[in-house]
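Got a sequence here, can you build the structure:
(2 chains)
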Amino acid sequence: MLAVERITKRFGGLVAINDASLSAGQGRITGLIGPNGAGKTTLFAVIAGFERPTAGRVLFEDIDITTEPVHRRAHRGIARTFQIMQPFAGLTVRDNIAVGAHLRHRARKDALEKAEAVARQVGLGGVLDRQADGLTVAGRKRLELGRALATAPKLLLLDEVLAGLNPSEIRDMIPVIDAIRESGLTILMIEHVMQAVMGLCQHIYVLAEGRIIAEGPPDAISRNPRVVEAYLGHGAAARRRGSEASHV
Amino acid sequence: MSVRDLLPIVAVVGVLALIPFGASANTVLNFLVFTLIIAIAAQGWNILGGYGGQFSFGHAAFFGTGAYATAMLQVHLGLNAWVAFAIGIGAGAMVGLVIGFLSFRSGLRGSYFSLITLAFAEVLRIVANASAITGGAAGLLIKLDVRPANFQFHSRAAFFWIGLALVALVLVLTRWLEHSRFGAQLMAVRENEDAARALGVDALTVKLGAITLSAAVTAAAGCLYAQYFLYLDSTIAYGLWISVEALLAPIVGGIGTVFGPLIGALALHGLGNLTSLMAGRIPGIDLVVYGALLVLVVAFAPDGLLGLVKRLRARLFRRAATETA
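Numbering: from 1, shown residues only, chains lettered A, B, ... in the order given. Down below sits the predicted model:
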């Protein structure tokens, strides 16, 4: 579905992404994790078209979309959420989601109907007429998700939709994401909440300092010493092994 | 868009249309025609500024182009006034498209966009003041030949009704905008351009559509001005005054609302004229009133007079609800 081939992105002298490749398979949830500042959001921006890579290609359904503008990619079926939520603050929840629905529905009536259906799907059915800037953080996260879903995408890029939520809000949100995957969508998600990543993703890529340092299924990733070191610092993996051994 | 959406427009326009039967004094009609011309220019501004969030300081560029096109086609080519009127609107729209393309294409947003539009209008004013074809500093006179076929009427009421018809047309257009995909995408761009793009909105095309439509409407106001006063010069057509009028009326009346520009224009000019009458001939007293009103609106009614009414009504209802409870 999505293939990112050897992407490099430089901002002046800073190399944000260094020769990173990944792919997201049809109908699966693929995770992208890594410490803060690893370049995850930049890589998302490259995939969605907000940033042009310095080198490398982005393929969507085997078509090279590296130079296509953002809105063309949305037409192809790529939708994203923003880590820092970007609601249309002055519009109602209904109108927010309807903007996404208008991508596939010209008539206002159809777009509003679609918006209501999507709002119910992400749990915003009760606040359709509330203005977006009156929503809680959890509500805004759901709105991000709803707007993206309303464009009827094939590939959904989720940038930390669980960050900033409390444990019970996370528990409420996970089934929503699971249900989206079950409807056949392909999902690529950046996430820090490990419980969610390990539970939801079938395949995980780990990005650190702009490089993909590991990939594999969740349980393999959580045991990978390079990943542990990337998160906890040099030597952490060895110490952890030592302490585990002493517990046995 | 349903019949119910159009009902308020029909009601307001219907009431206004009766005014000439009650007040036929030339001074009253003069004031009303002029106010309607401002209202149309402001309605044009409101499409781009109110719904699109792109604050132009240079709508004079469109007003003046409409006015000059109407006048020049009649004076130099002897074209029929009604045809010239239509071409004038088209010319204004073209200028809007070109200015929009140059500024939006290079990614100008916010105050940078405001300043570049101001610069375009000033350049046009200076060029119009220096060219022979626009009559230079002496201006252009459209030949007096009072016949309806020439878009010239003995009665000022006729101009009033034509102006009102244009206002009504733009009210309907604006109402349509609120219920269309184009309008939804335009408001999304106003609220957050990046988020809109991520949802498949072609922000550049949407903004170009908005500025073209906006320019066409404001150009229509310019055409009507030329036809009513039959005289133009560069300070009238491309002057800063009309850019200010076009943005002041929506801000006072209620930005991004259907009726805001009309209410704002009526309030500003009504109050301005009233003070002129009462204070006698103190030069510039109406501008003092404008300034005071603007300060009051920005401080106490940031959503304009319409927003203020809505807020007061909500408060009234709440009080009534607590009293009955």
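
how much distance is there from stretch A:64-78 to the middle of the chain?
In terms of C-alpha atoms, centre = their mean, to the nearest Å, the centre of stretch A:64-78 is found 16 Å from the chain centre.

ok so residue A:189 is a helix residue?
No. Using DSSP: H, G, I helix; E, B strand; the rest coil, the assignment for residue A:189 is strand, not a helix.

How about the contacts made by it?
Contacts of residue A:189 were listed using C-beta atoms under 8 Å, 6 or more residues apart in numbering or on different chains, and they are A:29, A:30, A:31, A:32, A:157, A:158, A:159, A:161, A:177, A:197, A:200, A:201. In this view, the C-beta of every residue, glycine as well, is placed from N, C-alpha and C.

Please tell me how far the residue nearest to the last one when sequence neighbours are not counted sits from chain B.
Put plainly, it is residue A:201. Among residues not flanking residue A:201 along the chain, residue A:31 sits closest, at 3.5 Å (C-beta to C-beta, 6 or more residues apart in numbering or on different chains). Taking C-beta to the nearest C-beta, to the nearest Å as the measure, residue A:31 falls 21 Å from chain B.

hang on, residue A:31 in a helix?
No. Counting by three-state DSSP, residue A:31 is not part of a helix but strand.

And for it, the neighbour number?
Residues within reach of residue A:31, counting by other C-beta atoms under 10 Å in any protein chain shown, total 25.

Just the pLDDT at it, thanks.
Looking at residue A:31, its pLDDT is 95.

Same question for residue A:245.
61.

repeat for residue A:196
86.

Then residue B:323?
You'll see residue B:323 listed with a pLDDT of 69.

what's the answer for residue B:318, then?
pLDDT at residue B:318 comes out at 81.

got any ranges where the chain has weak pLDDT?
You didn't say which chain, so I picked chain A. By pLDDT under 70, the low-scoring segments of chain A are A:244-248.

was after chain B, sorry
B:323-325.

What is the burial count for residue B:270?
Look at residue B:270: counted by other C-beta under 10 Å, it has 13 neighbours.

Kindly report the same for residue A:106.
11.

Going through the contacts of residue A:189, which ones are buried?
Buried by 16 or more other C-beta atoms under 10 Å in any protein chain shown: A:29, A:30, A:31, A:32, A:157, A:158, A:159, A:161, A:177, A:197, A:200, A:201, out of these.

which one of these sits closest to residue B:290?
residue A:159 (47.1 Å; C-beta to C-beta).

Specify the beta-bridge partners of the closest one.
Bridge pairing for residue A:159 (DSSP bridges) gives the partners residue A:190.

how near is it to chain B?
Using C-beta to the nearest C-beta, we find residue A:159 at a distance of 11 Å from chain B.

separation between that residue and residue A:190?
Distance, residue A:159 to residue A:190, using C-beta to C-beta, to the nearest Å: 5 Å.

tell me, how many neighbours does the closest residue to residue B:204 other than its chain neighbours end up with?
Nearest residue to residue B:204, sequence neighbours excluded (C-beta to C-beta, 6+ apart): residue B:104, at 5.7 Å. Neighbourhood size, residue B:104 [other C-beta under 10 Å]: 21.

doesn't residue A:197 make contact with the residue nearest to residue A:201?
Yes. Contact criterion C-beta atoms under 8 Å: residue A:31 and residue A:197 qualify, at 4.9 Å.

okay, and the common contacts of those two?
In contact with both residue A:31 and residue A:197: A:189, A:191, A:204, A:218, using C-beta under 8 Å, 6+ apart.

intersection of neighbour lists for residue A:159 and residue A:190?
Common neighbours of residue A:159 and residue A:190 are listed as A:40, A:41, A:44, A:83 (criterion: C-beta under 8 Å, 6+ apart).

Can you say which helix or strand has the third one in it?
Right, the one you point to is residue A:44. Element membership of residue A:44 [criterion: DSSP states H and E] is helix A:40-48.

which residues touch that helix?
A:2, A:4, A:7, A:9, A:16-17, A:20, A:32-34, A:51-53, A:58, A:70, A:73, A:78, A:80, A:83, A:157, A:159, A:188, A:190, A:207, B:198.

Check which element follows that helix along the chain.
Once the chain leaves helix A:40-48, the next helix or strand it forms, by DSSP H and E, is strand A:55-60.

by how many degrees do that following strand and helix A:40-48 diverge?
Strand A:55-60 runs at 60 degrees relative to helix A:40-48, counting by axes from the mean of the first three to the mean of the last three C-alpha atoms, to 10 degrees.

neighbours around residue B:185, how many?
Neighbours of residue B:185 under the rule other C-beta under 10 Å: 26.

pretty sure it is touching residue A:99, no?
Yes. With contact defined as C-beta under 8 Å, residue B:185 and residue A:99 form a contacting pair (6.7 Å).

shared neighbours of these two, anything?
Common neighbours of residue B:185 and residue A:99 (criterion: C-beta under 8 Å, 6+ apart): B:196, B:201.

how's chain A carved up into domains?
Domains of chain A are assigned by automatic domain parsing as A:1-77+A:154-248, A:78-152.

As TSV, the ones you listed with distance to residue B:17 would be great.
What follows is those, written out as TSV (distance: least, C-beta to C-beta, whole Å):
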stretch	distance to residue B:17
domain A:1-77+A:154-248	43
domain A:78-152	30
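
Could you identify which of the ones you listed is most buried?
Mean neighbour count (mean count of other C-beta atoms under 10 Å in any protein chain shown) peaks for domain A:78-152 among the domains of chain A, with a mean of 21.

Helix, strand or coil: sort out the residue nearest to residue B:110 when sequence neighbours are not counted for me.
Nearest residue to residue B:110, sequence neighbours excluded (C-beta to C-beta, 6+ apart): residue B:55, at 7.8 Å. Using three-state DSSP, the secondary structure recorded for residue B:55 is coil.

Contact partners for residue A:183?
Taking C-beta under 8 Å, 6+ apart as the test, residue A:183 contacts no residue whatsoever.

can you tell me how far it sits from residue B:199?
Distance, residue A:183 to residue B:199, by C-beta to C-beta: 19 Å.

just the strands in chain A please.
Under the criterion DSSP state E, strands of chain A are mapped to A:2-11, A:14-24, A:29-33, A:55-60, A:63-64, A:78-80, A:155-159, A:186-190, A:203-208, A:211-216.

helix or strand for the closest residue to residue B:209 other than its chain neighbours, which one?
Leaving aside its chain neighbours, residue B:209 sits nearest to residue B:182 (6.4 Å; criterion: C-beta to C-beta, 6+ apart). Taking DSSP H and E as the definition, residue B:182 sits inside helix B:181-191.

so residue A:88 sits right up against residue B:192, yeah?
Yes. Using C-beta under 8 Å, residue A:88 is in contact with residue B:192, at 5.6 Å.

Pull up the gap between the residue nearest to residue B:258 when sequence neighbours are not counted and residue B:151, please.
Nearest residue to residue B:258, sequence neighbours excluded (C-beta to C-beta, 6+ apart): residue B:174, at 4.8 Å. Residue B:174 sits 25 Å away from residue B:151, taking C-beta to C-beta as the criterion.

For chain A, which residues are neighbours of chain B?
Residues of chain A lying close to chain B by C-beta under 8 Å from any C-beta of the partner chain are A:48, A:50, A:69-71, A:74-75, A:79-80, A:82, A:86-91, A:95, A:98-100, A:102-103, A:105-108, A:111, A:147-148, A:150-151.
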